[in-house]
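Peer 1: please find the sequence and the predicted model below.
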Amino acid sequence: MRIKLLLTVFCCMLMASCYAQKPTDSAAEKMLVYQLGNGGWPKQLGDKSVVNYDATLTPQLRAKIKATEDKHATFDNKATSREVVYIVKAYKKTQNKAYLSAAEKGLDYILKAQYENGGWPQYYPDQSLYRSEITYNDDAMVNLLNILQDIANGRNDFEVVNPKYLPKVEKAIEKGTDCIIKTQVKQNGTLTIWAAQYDKDSMLPAKARAFEPASLATSESVGIIRFLMGIKNPSPEVKKSISAAVKWFDTYKIKGYRFDREKGKTAALVPDETSMAWARFYDLDKNCPVFGDRDNTIKSKLEELSPERRSGYAWYGNWGQKVIEKEYPKWLVTNGK
């Protein structure tokens with residue numbers, strides 16, 4: 001009888017232990033470790049080593065992460081936006097409340113980092129070099145706005161976010177959209193596209209790295225167009241902005257070419273009847289391609305670049321092709337009037 005009682009108690013304890021264990025996601029668990037005290041995530045640790053979620057969390061790596069200061073929190077290279085998106089989905093899958101808590105802490109960081117003019121810097125709170133500039137580069141700001149739009153619309157698993165965030169999120173989207181409208185470059189009163197980054201005070205196009213001059217930026221502008229086209233019931237200003245940007249892309253397309261950066265070859269535009277291409281950067285006034293080198297000199301031809309920079313950067317791409325051929329015509333069906 002006593003043995004039977006002991007077995008019953010043991011089974012109950014075992015079941016209780018199983019129920020107490022929260023489902024986990026291995027990548028999300030690592031993201032919790034990497035999250036900084038201010039809620040953001042770094043792309044590099046304090047010792048400049050790149051964040052790698054495939055790496056084993058050894059005691060040495062944990063010590064490096066713990067020693068990384070909050071100033072390393074950034075939106076560059078998808079940092080912070082990538083983690084928030086992932087751990088929200090991990091929460092939806094596991095119902096592990098630690099993940100939702102971390103995602104909302106990340107959301108607090110995103111909201112706090114936004115400037116009053118609606119822009120977001122590349123890093124926050126680090127203000128050194130070009131890190132304080134309003135940053136569209138590599139879709140940093142658009143990635144954040146897409147998250148906020150998902151929260152506002154309760155889609156892509158973001159319906160799990162506490163409804164108390166909605167007023168702040170909607171206000172941030174409004175400010176961010178206004179910033180986009182205000183920073184669209186005008187040439188003699190005609191709207192064109194956007195630069196990759198802007199001075200946070202003057203809201204004028206600014207340079208970043210030596211080979212990234214203040215210029216019209218095609219890759220980033222496509223991301224902005226797609227964000228704007230995702231707005232429900234767009235205002236006349238938003239419609240005008242989209243149409244002007246698409247017109248610019250259509251005007252300056254290079255038909256029948258693609259950019260070849262195959263390893264071992266010299267990067268160049270090559271014929272391709274199925275493709276169209278644009279330079280990564282264009283002069284702010286003349287709409288002609290510009291290329292920056294590491295010595296801060298601006299070239300007018302790809303061939304003038306140093307060999308390292310010529311093949312080490314995406315100087316051309318087909319970024320606007322799908323927008324022109326498919327996405328904009330589809331958007332016009334609903335929003336053309």
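Peer 2: Received it, and whenever you're ready, just let me know what you need.

Peer 1: which parts of the stretch 151-300 of the chain are helices?
Peer 2: 166-183, 218-229, 236-251 (DSSP state H, counting those that start in this stretch).

Peer 1: among these, which comes closest to Trp41?
Peer 2: Closest of those to Trp41 is helix 166-183, at 18.8 Å (criterion: C-beta to C-beta). The way it works is simple: take the backbone N, C-alpha and C, and place the C-beta from them, glycine included.

Peer 1: looking at the protein, which strand is longest?
Peer 2: In the chain, with assignment by DSSP state E, the single longest strand is strand 268-279.

Peer 1: tell me the mean pLDDT for it?
Peer 2: In this model, strand 268-279 has a mean pLDDT of 96.

Peer 1: and that strand, what does it pack onto?
Peer 2: Under the contact criterion of 3 or more C-beta pairs under 8 Å, 6 or more residues apart in numbering; DSSP states H and E, strand 268-279 touches strand 254-260, strand 316-317.

Peer 1: give me the low-pLDDT residue ranges for this protein?
Peer 2: 1-21, 337 (pLDDT under 70).

Peer 1: returning to that earlier point: so of the helices and strands packed on strand 268-279, which one's packed in deepest?
Peer 2: strand 316-317 (a mean of 20; mean count of other C-beta atoms under 10 Å).

Peer 1: what's downstream of that one, the next helix or strand?
Peer 2: Later in the chain than strand 316-317, the nearest helix or strand by DSSP states H and E is helix 321-322.

Peer 1: contact partners of that next one?
Peer 2: Around helix 321-322, the neighbours that count as contacts under C-beta atoms under 8 Å, 6 or more residues apart in numbering are Lys253, Ser275, Met276.

Peer 1: and the next element down the chain from that helix?
Peer 2: Immediately after helix 321-322, counting by DSSP H and E, sits helix 328-335.

Peer 1: relative to helix 236-251, how tilted is that next one?
Peer 2: For helix 328-335 against helix 236-251, the angle between stretch directions is 160 degrees (axes from the mean of the first three to the mean of the last three C-alpha atoms, to 10 degrees).

Peer 1: can you report how many residues lie near the residue nearest to Thr266 when sequence neighbours are not counted?
Peer 2: Excluding its sequence neighbours, the residue lying closest to Thr266 (C-beta to C-beta, 6 or more residues apart in numbering) is Ser311, at 6.4 Å. Residue neighbour count, defined by other C-beta atoms under 10 Å, stands at 17 for Ser311.

Peer 1: wait, Ser311 sits on Glu262?
Peer 2: No - here Ser311 does not reach Glu262: they are 9.4 Å apart, not a contact under C-beta atoms under 8 Å.

Peer 1: got the contact list for the spatially closest residue to His72 that is not a sequence neighbour?
Peer 2: Take His72 and drop its neighbours on the chain: the residue closest to it by C-beta to C-beta, 6+ apart is Pro42, 4.0 Å away. Contact analysis of Pro42 by C-beta under 8 Å, 6+ apart lists Tyr34, Leu36, Val51, Thr68, His72, Ala73, Thr74, Ala79.

Peer 1: apply 10 Å and report the result again.
Peer 2: Listed by C-beta atoms under 10 Å, 6 or more residues apart in numbering, the contact set of Pro42 reads 34-36, 49-51, 65, 68-74, 76, 79-80, 123.

Peer 1: next one: Trp41
Peer 2: Trp41 sits in contact with 31, 34-35, 51, 68, 72-75, 78-84, 102, 106, 109, where contact means C-beta under 10 Å, 6+ apart.

Peer 1: distance of the residue lying closest to Asn137 once chain neighbours are set aside from Pro125?
Peer 2: The shortest distance from Asn137 to any non-neighbouring residue, by C-beta to C-beta, 6+ apart, is to Ala196 (4.1 Å). Ala196 is 22 Å from Pro125, where distance means C-beta to C-beta, to the nearest Å.

Peer 1: so for the two, which residue has more residues nearby?
Peer 2: Ala196 (27 against 15).

Peer 1: pretty sure the more buried one sits against Val185.
Peer 2: No - with contact defined as C-beta atoms under 10 Å, Ala196 does not reach Val185; the gap is 11.3 Å.

Peer 1: quickly list what's touching both of these two.
Peer 2: Common neighbours of Ala196 and Val185 (C-beta under 10 Å, 6+ apart) are Pro205, Ser215, Leu216, Ala217, Ser221.
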